[in-house]
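J.: How does the following fold in three dimensions:
(2 chains)
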Amino acid sequence: MAQHNQVAQENQVAQPSQLPQPSQLPQPSQLPEHDRDIAVVGLDCAFPSAVGPEAYWELLMRGGEAVGEVPQARWTADDLPGAVRDAHRTALMRGGFLADVDCFDNDFFALAPREAAAMDPQQRLLLQCAWRALEDSGRSPVDLAGTDTGVFVGVMGGEWGRLRMADPEQVSPQLGAGSSAGMAANRISYHLNLTGPSMAVDTACSSSLVAVHLAGNALLSGECDTALAGGVNLLLSPALGLVYSQLGLVSPDGRCKPFSADADGIGRSDGVGLVVLRRLADAVADGQRIYAVIKGTAVNQDGRSNGVTAPSRWSQQKVLQAAYRRSGVTPEQISFVEAHGTGTALGDAIECAALGAVHGVERERPCAIGSVKGNLGHTEGAAGIAGLIKTVLALHHRIVPASRFADRENPQLRLSERGLRLLKSPLRLPPGPVLAGVSSFGMGGTNAHVVLAGAPRAAGRAAPRQSGAVGVFTVTADSPEALGRNLAAQAEAIARRPRGSVAALCRSSNRVKTGLPYRYAVTARDTEELADRLRRAADDSADGAGGYAQRPWTKPVVAFLFTGQGSQFPAMTAGLHRESAVYRRHLAEVDAALAPHVGGSILDLVLRGDEAVRETGPAQPALFAVGYALAATLGELGVQPAAVIGHSVGEFAAAVVAGVLDLGPAAELVATRASLMQQLPAGGGMLTVHVAPADLAELLAAQPELTVAAVNGPADVVLSGPIAELDRAERVLAGRGGRTARMKVSHAFHSPLMAPAVEAFRAAAATVRPGVPRLPIASTRYGAMLGDRPMDADYWARQLAEPVLFADALDALLDEVAPTHLVEIGPRPQLLPLAGRSGRSAGVEFLHPSPGPEATGRDLAEVVAALYRAGLDPEWGALYPSDLRASERLRPYVFATGNRYWGCAPAPRPAPVRTVPEPARAARTAPAPAPRTADPALAVVIEAVLQVGGHPPELVVPEARFYEDLGFDSVMIMQLKDGVEARLPQAGEVSIHQLLPALRTIGSLAELYGELVTAKAA
Amino acid sequence: MTRIDDPAGAYLAAVGTALPGEPVDNATLGRLLGVSEEWIDIFVGTRARYFAWDLETGEVRRTLVDLCAEAGARALESAGLEAADIEFVVLSTATPDTLLPTTATQVADRLGLDHLPVYQLQAGCSGAVQALDLGRSLLAGGAGAGLVLGGDVTARHLDVRRDPARMPTEELVNYVLFGDGAGAAVLTAEPLGERVAVRGVLNSFAGLGRPAGQTVDWYGVSDRHSERPMLAEDYKAIEESVPAMAVEIFWELLDRVGWSTADVDHLLPPQLSERMTARIVEHMAIPSVHEVSCVSDTGNTGNALPFLQLERLLPQLADGQRAIGVTVESSKWIKTGFALEKV
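T.: Numbering: from 1, shown residues only, chains lettered A, B, ... in the order given. Sure, this is the predicted structure:
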């Protein structure tokens, strides 16, 4: 504790108070002791025969093993020196090997093939593992970009570098970076843009548990808010096996048999594993799912023991004691210890002596022990994380897997006398708090121990039933193929769940599965439907039908179209009201604003299905309420209009959204308008005629009492006037073959018959001072953009009696704003069909959040899904009930496996040096044909790019961008410059300053060189 | 064996149910069976039921495992518990998907449960209470939480593709009486979630020497062409005995938990059919008690019924309120019931 406090003080001193973002740097001294808990919120791993946490757990629970023959690509029997004893020869040809370690989705990380090929495959495994672990923690890795997230990676093998860098001829900057063990962590930080501490840790076999220790300390000292910790190990040569062999530590059958009477040495294995760590309080606050909690960690050293590679019982004892002390726990509370357990006679004896000395206290039941090395072998640099992930999963599932080879327990270890019990069968953990430990010891004497506890449980309150609640499930990927692959993976995982609600799953997908360029989004109400829709989308992609995947380059430009009178009906938007809390809230808000002016709740009238809503008096306030609430709901979901247009009375809600009118005054105006119009003597009517306005001249001349009330489209006109005149017009037009329809209205709106209401309304509107619009408004009174003309009393008074020039106003809006999406704001589609018939909206998508009597919350969700696919980043939270349970774990990203980079083919002996690998993909294709282009500069640039990057030739086109598409970095740019200039000496040497502006695409660079050559020649 | 109230705690933390597809109304069913809607209404009274198989083709769309897993997952979710918290499973059914593996183990697998005792009981209308009874014993034996389930499917016992005109009336009744469904409840040793204490459970075989009131048969390879009816009921015996037995169960439960009729706020009566249930409630004649029934909307779903009733009860059960559930299994006459109290 004293040590920690000292660290804390030093940290405080080291942090100048003017450092930016103080909120992200909690002062360590403010963390009370019980806040030293670290939550394990995400994890991912790959071990031989067990790729992914699910497969790993399955391997452990069935007591499976992962030991096999060494793959040809790693080494062959010929690689072993002659001096190796025959007994060890077989052993050195066995181990645990990850399949397909040459596969790497370099395109996902925008890494050029040649760079990918030069990278230590340990770095490649870590990159993919990091992405998946972060997703598993319930956050999109894209969202963590730029944060102070730390990366701590245990890695003890530098074999890639030793093998590749041995030949000075083959050295390149890519190989240099790709071969450095130190880059293992830095790569992750670079590609995910994580700016917290980032370090590779090498303490031999304890590296990855020491990395966890360092990550925990970094979180506690406030250096970072999230940390990735773990390790990696790949066997690329038999070298370390030979060392074990000479030390007499190698197991003849390649298996570790921890604590067994048959224990006879070490078998080596591949592995990679990372956990995502947060301070517990942060994880709880952010609603992250917690696998287990790290109570405390300790690291120490043997010091000058019996030899630099010999284990020390005393130091092992001390590291256990230190970890327990720091965790505030006592040994008898520990239910289970995942031991280092290499399965060497001496190592097992020393470890059990140390474990016994600590745990052999008065206790109810012995401390269970086991070691995953019985299943996997010794994963060395990843050994500690293998044990940690096993223990975390055991606490999560509340069952500890049996330890393989425990059935022949070594009696010499006297486990029962020492308060220990080797797990011969799985141990079901009792309900309530459970503590476990994980040990990992390094050959050089650096020991680590971690104390873990089960995840804290929220107080048992019944979760609200989310049954049937709609959600939008999102999936994104870096290419159409990847989207199809990941849709299939999600479909498969969701289909395996019992049928149930999807809201929490969808909410989690919005948090985790967003952020990559190709977007998919779908609505669903239960898991069965969701799995089915995802499956169909994945199948569509397999058929090459496409269309489901969108790669938006820009944000959608949305125009809101507010519907006018005639669209109302009893119980309009009731389905949405039932399902959307946000809509309910906004409708209640506007209802309250209207209530004093309409003498009661218009909302009640609408929702109870009252037929009275068809009358002008209630209809106009009701439509205003629906329009306002729909627009506000969309706004809260992050859908902000770029422009608005309102048809007749729809202009009031539009004016509120555009900031011209406040809600209260607008509500009063609408109520007054409705009341004045309702009071007019009945007798007038309206007639829709599907005739071009120009063709009505003769008719209107013959019937001067008729007026044009609205021009809604090229052949959508509404006439207003006395009933008898309308009857006559109907007959005349019918005689000419014109289609007409009588509207169900009580009055001749937008006609001179409205005159008695105009002056009264002008007077009422005079009290309202219009604001300046925040958004472009297309005015249906002017049939044009409003511009800087005021929406004042005169505007509103005339608007009542003058024709609605919707067609012209919409044209103006389409010209001025060029919307990508028209969203109708009203209870059923009325304006969108008009827009469709106008012939002006080709390529514009039509959306409706509540399209008619059958509409539900699903229609609103469909609007959000469509806009998300088109590039909007919605405020997803507003789509779901606010009491939605935190999050669900989703299957992590499935990377492409088509690209393989290895080149470990054995060189002919005795040559000690292997050739630097060509990218396998490049090798598969025939030698790149000389680029066929008439432009010599372009040909040269393409040739040089192919040489530096090793890309497939079809990607190296003039449009290809260096950074985004080809994964070039500054080193590769310098190599490219050298390559081009060597081929084009006539261009002379180009300065970096000259080069920079041209480094956009292959084409732009070729253009520069082309110009230089021409200039020099001139 | 009868169990009476004991001091060890058992609580209902949550209930989940699953009904497959869309409800099938009497008009649809009447059309398929060639009987009038009125006939169904008068003799059975059930308005709707659900089937996990396609009425037109007989194709099985959802298995009992599907339905039980859905109900179980809902119960777990509502209780705020995870698979790792569950220490036993008891599932009761008369219509398992396969004899082996048991539906119970298949459901455990679907719910991600491992290394725990999984029981399957074979029972009819009393099954849910039997499962509750066994669950209570397991909690008393030290378990912290467990899942009890019940469900039935009719796909093997009903076949609308048969010519309904050739069916005797007593067989036709089965088609309008039964439905498919499943239910589940999370039982906990400490009050959690809904916090409904199980104060008493009655589970008593009472059929010594009595002929079966209901037979649910099955065929195998050797007798697959048998003409034996798959479902048979002695309606006279049922109509005569069930109301009387229901009254006995009610009083026996009250006696054991020491309540008077005035202490009971809700009654969950047997759910044979809408008509029978009404008759039973009338016969029980308990003043001012609120009846919680589901059969008219779900049909007789056998082992699922008490869970469907419980799901309707929970939102209405106020703190301190008490409920009595009564079920009678008329196959070989089993008296079961339970007494609940929200704490």
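J.: now the helices: where do they sit in the stretch 751-900 of chain A?
T.: For the stretch 751-900 of chain A, applying DSSP state H, counting those that start in this stretch gives helices covering A:755-765, A:793-801, A:806-817, A:831-837, A:857-869.
J.: Mind giving me the packing neighbours of the helix or strand where B:R74 lies?
T.: Following DSSP states H and E, the helix or strand that holds B:R74 is helix B:64-79. The contact analysis (3 or more Cβ pairs under 8 Å, 6 or more residues apart in numbering or on different chains; DSSP states H and E) places helix B:64-79 against strand B:11-18, helix B:103-110, strand B:145-152, strand B:181-188. For glycine as for every other residue, the C-beta is placed from the backbone atoms N, C-alpha and C.
J.: is chain A contacted by the second one?
T.: Yes. Applying Cβ under 8 Å from any Cβ of the partner chain, one finds helix B:103-110 in contact with chain A at B:R110.
J.: quick one: that helix to strand B:145-152, angle?
T.: On the basis of axes from the mean of the first three to the mean of the last three Cα atoms, to 10 degrees, helix B:103-110 is oriented at 120 degrees to strand B:145-152.
J.: ok, and for the next helix or strand after helix B:103-110, which residues are buried?
T.: Sequence order places strand B:118-122 as the next helix or strand after helix B:103-110, per DSSP H and E. Buried residues in strand B:118-122, defined by neighbour count with 16 or more other Cβ atoms under 10 Å in any protein chain shown: B:118-121.
J.: same deal with stretch A:687-700?
T.: Buried residues in stretch A:687-700 (16+ other Cβ under 10 Å): A:687-689, A:691, A:693, A:696, A:699-700.
J.: Columns mean pLDDT and mean neighbour count on top of the helices and strands packed on helix B:64-79, output as JSON lines?
T.: Below are these laid out as JSON lines (pLDDT from 0 to 100; neighbours: other Cβ atoms under 10 Å in any protein chain shown):
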{"stretch": "strand B:11-18", "mean pLDDT": "97", "mean neighbour count": "28"}
{"stretch": "helix B:103-110", "mean pLDDT": "98", "mean neighbour count": "22"}
{"stretch": "strand B:145-152", "mean pLDDT": "98", "mean neighbour count": "32"}
{"stretch": "strand B:181-188", "mean pLDDT": "98", "mean neighbour count": "32"}
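J.: Between these, which one is closest to A:L872.
T.: strand B:11-18 (35.9 Å; Cβ to Cβ).
J.: tell me which strands and helices the closest one is in contact with?
T.: helix B:64-79, strand B:181-188, strand B:196-205, helix B:305-313.
J.: Any idea how far the helix or strand just after it is from the middle of the chain?
T.: Going down the chain from strand B:11-18, the next helix or strand is strand B:24-25, by DSSP H and E. The chain centre lies 20 Å from the centre of strand B:24-25; the measure is Cα atoms, centre = their mean, to the nearest Å.
J.: what does stretch A:142-154 give?
T.: Counting by Cα atoms, centre = their mean, stretch A:142-154 is centred 15 Å from the centre of its parent chain.
J.: For A:L814, give me its contacts.
T.: Contacts here follow Cβ atoms under 8 Å, 6 or more residues apart in numbering or on different chains; on that basis A:L814 touches A:840-841, A:844.
J.: on that earlier part again, go through the helices and strands packed on helix B:64-79 and name the closest to B:Y175.
T.: It's strand B:145-152; of the helices and strands packed on helix B:64-79, that one is closest to B:Y175 (Cβ to Cβ) at 14.7 Å.
J.: helices or strands up against the lengthiest helix in chain A?
T.: In chain A, taking DSSP state H as the definition, the longest helix is helix A:616-636. Counting contacts by 3+ Cβ pairs under 8 Å, 6+ apart, helix A:616-636 packs against strand A:558-562, helix A:581-598, helix A:602-607, helix A:650-657, helix A:663-679, strand A:821-825, helix A:857-869.
J.: Dump these to CSV, plus distance to A:G735 and mean neighbour count.
T.: Output for those, formatted as CSV (distance: least, Cβ to Cβ, whole Å; neighbours: other Cβ atoms under 10 Å in any protein chain shown):
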stretch, distance to A:G735, mean neighbour count
strand A:558-562, 34, 28
helix A:581-598, 44, 20
helix A:602-607, 41, 22
helix A:650-657, 34, 29
helix A:663-679, 33, 21
strand A:821-825, 35, 25
helix A:857-869, 42, 24
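J.: closest to chain B out of those?
T.: Proximity to chain B (Cβ to the nearest Cβ) singles out helix A:857-869 among those, at 17.0 Å.
J.: helices or strands up against that closest one?
T.: strand A:471-477, strand A:518-524, helix A:574-579, helix A:616-636, strand A:821-825, strand A:845-847.
J.: Could you dump these into a markdown table with mean pLDDT added?
T.: A markdown table is the format used below for the helices and strands packed on helix A:857-869 (pLDDT from 0 to 100):
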| stretch | mean pLDDT |
| --- | --- |
| strand A:471-477 | 96 |
| strand A:518-524 | 95 |
| helix A:574-579 | 95 |
| helix A:616-636 | 97 |
| strand A:821-825 | 98 |
| strand A:845-847 | 96 |
